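Colleague: no FASTA, just this:
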């Protein structure tokens, strides 16, 4: 197929191509391929740089987002802590207010109780003064009444027992009514302080005044306000103790013994029951009156 042409030719579709032209085409192809590869390589390096820059930018954005989230969370925590602190302060203020109100109520209650106690004390002192005055006046009235009641009676020295009959009363006493006889016995027992004798009883009255048991019983049951002889003796001892409270500075215990009571507790109970005032209050009220 090749002719005797000195130039080597290649047949493609019935066309001849010079080998020299083919060489040029080949060189141009190589150069093109190299160029393409160079361009691709440059493009690859530039792409890598661009991708790296884009990646770094995305990382920075991510870091910024994380920092923003961190600051937001930190701000949220600060807000929560601030709200908790505000709540604690409010609770503390409420607690302080409640305590202050409670203390104020206690103070007002204490002031009211102090005022009430002072008022009651003043009222009690006034009542005690009135009672002391009434007790004192009753003693004066009783003494005057006894003097008037006994002014018409025969004195003790004119009385004499009947011989061989110690139970028979003397004529003047025999004529007395039960009430008059009682007042005479009361006056003499008080004047001679027979009630201070621990052995004082009905038999002693019978022996001292030469009276029968029936006569003494009638004098107390019909002529007096007393239901029993012990009550009569107790009243005389209380009256004597009340005089000692006013006229002396003796301790209550010593007055208790002098008046014939077993102990201060019994004396105070009997005294308060009779006069509606304690021995100490009675003494204080009398000192305020004088």
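Modeller: Cool, got the structure. As the structure is a computational prediction, the values presented were derived from the model and not from experiment.
Colleague: ok, for residue 284, nearest residue in space, not its chain neighbours?
Modeller: residue 128 (7.2 Å; C-beta to C-beta, 6 or more residues apart in numbering). From N, CA and C alone the C-beta is placed, and that goes for glycine too.
Colleague: thought that neighbour was touching residue 283?
Modeller: No: between residue 128 and residue 283 there is no contact under C-beta atoms under 8 Å: 10.0 Å.
Colleague: ok, the residue nearest to residue 284 to residue 288 distance?
Modeller: Separation of residue 128 from residue 288 (C-beta to C-beta, to the nearest Å): 8 Å.
Colleague: quick one: which of the two has more around it?
Modeller: Relative neighbour count places residue 128 above the other of residue 128 and residue 288, with 21 against 12, counting by other C-beta atoms under 10 Å.
Colleague: make sure I have this right: the more buried one is in a helix.
Modeller: Yes: under DSSP: H, G, I helix; E, B strand; the rest coil, residue 128 sits within a helix.
Colleague: residue contacts, it?
Modeller: Contact analysis of residue 128 by C-beta atoms under 8 Å, 6 or more residues apart in numbering lists 277, 281, 282, 284, 285.
Colleague: let's have those in TSV, adding neighbour count, pLDDT and secondary structure.
Modeller: Compiled in TSV, the contacts of residue 128 are given as follows (neighbours: other C-beta atoms under 10 Å; pLDDT from 0 to 100; DSSP: H, G, I helix; E, B strand; the rest coil):
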residue	neighbour count	pLDDT	secondary structure
277	22	92	coil
281	20	92	helix
282	23	92	helix
284	17	91	helix
285	24	90	helix
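Colleague: export the residues you listed to JSON lines and tack on distance to residue 249?
Modeller: JSON lines is the format used below for these (distance: C-beta to C-beta, whole Å):
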{"residue": "277", "distance to residue 249": "19"}
{"residue": "281", "distance to residue 249": "16"}
{"residue": "282", "distance to residue 249": "14"}
{"residue": "284", "distance to residue 249": "12"}
{"residue": "285", "distance to residue 249": "16"}
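Colleague: what's the farthest-apart pair in these?
Modeller: Spanning the widest gap among the contacts of residue 128 are 277 and 284, at 9.7 Å by C-beta to C-beta.
Colleague: let me know the closest of the contacts of residue 128 to residue 133.
Modeller: Comparing these against residue 133 with C-beta to C-beta places residue 285 closest, at 8.2 Å.
Colleague: show the contacting residues for that closest one.
Modeller: The contact partners of residue 285, by C-beta under 8 Å, 6+ apart, come to 125, 128, 129, 131, 132, 277.
Colleague: the fourth one and residue 274 touch, don't they?
Modeller: No: Residue 131 is beyond contact range of residue 274, at 11.1 Å (criterion: C-beta under 8 Å).
Colleague: now the helices for the stretch 101-250 of the chain?
Modeller: Applying DSSP state H, counting those that start in this stretch to the stretch 101-250 of the chain gives helices spanning 171-174, 178-191, 202-209, 213-223, 229-247.
Colleague: please pull out the lowest mean pLDDT helix or strand from the protein.
Modeller: When each helix and strand of the chain is scored by mean pLDDT, DSSP states H and E, strand 9-12 comes last, with a mean of 43.
Colleague: one step back: just put the contacts of residue 285 in a markdown table and tack on distance to residue 186.
Modeller: Shown next, in a markdown table, are those (distance: C-beta to C-beta, whole Å):
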| residue | distance to residue 186 |
| --- | --- |
| 125 | 33 |
| 128 | 28 |
| 129 | 28 |
| 131 | 23 |
| 132 | 23 |
| 277 | 23 |
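Colleague: quick check: of those residues, which lies closest to residue 96?
Modeller: Closest to residue 96, out of all of the contacts of residue 285 and judged by C-beta to C-beta, is residue 125, at 42.4 Å.
Colleague: where does pLDDT dip in the stretch 1-150 of the chain?
Modeller: Along the stretch 1-150 of the chain, the parts satisfying pLDDT under 70 run over 1-26, 29, 32-55, 57-59, 62, 64, 66, 68-74, 149-150.
Colleague: go with 90
Modeller: Counting by pLDDT under 90, the stretch 1-150 of the chain has low-confidence residues at 1-90, 111, 117-150.
Colleague: please name the nearest non-neighbouring residue to residue 132.
Modeller: With sequence-adjacent residues excluded and distances taken as C-beta to C-beta, 6+ apart, residue 132 is closest to residue 285, at 3.8 Å.
Colleague: can you check residue 253 too?
Modeller: Counting by C-beta to C-beta, 6+ apart, residue 253 lies nearest to residue 264, which is 5.2 Å off, once chain neighbours are set aside.
Colleague: pretty sure residue 262 sits in a strand.
Modeller: No: applying three-state DSSP, one finds residue 262 to be coil, outside a strand.
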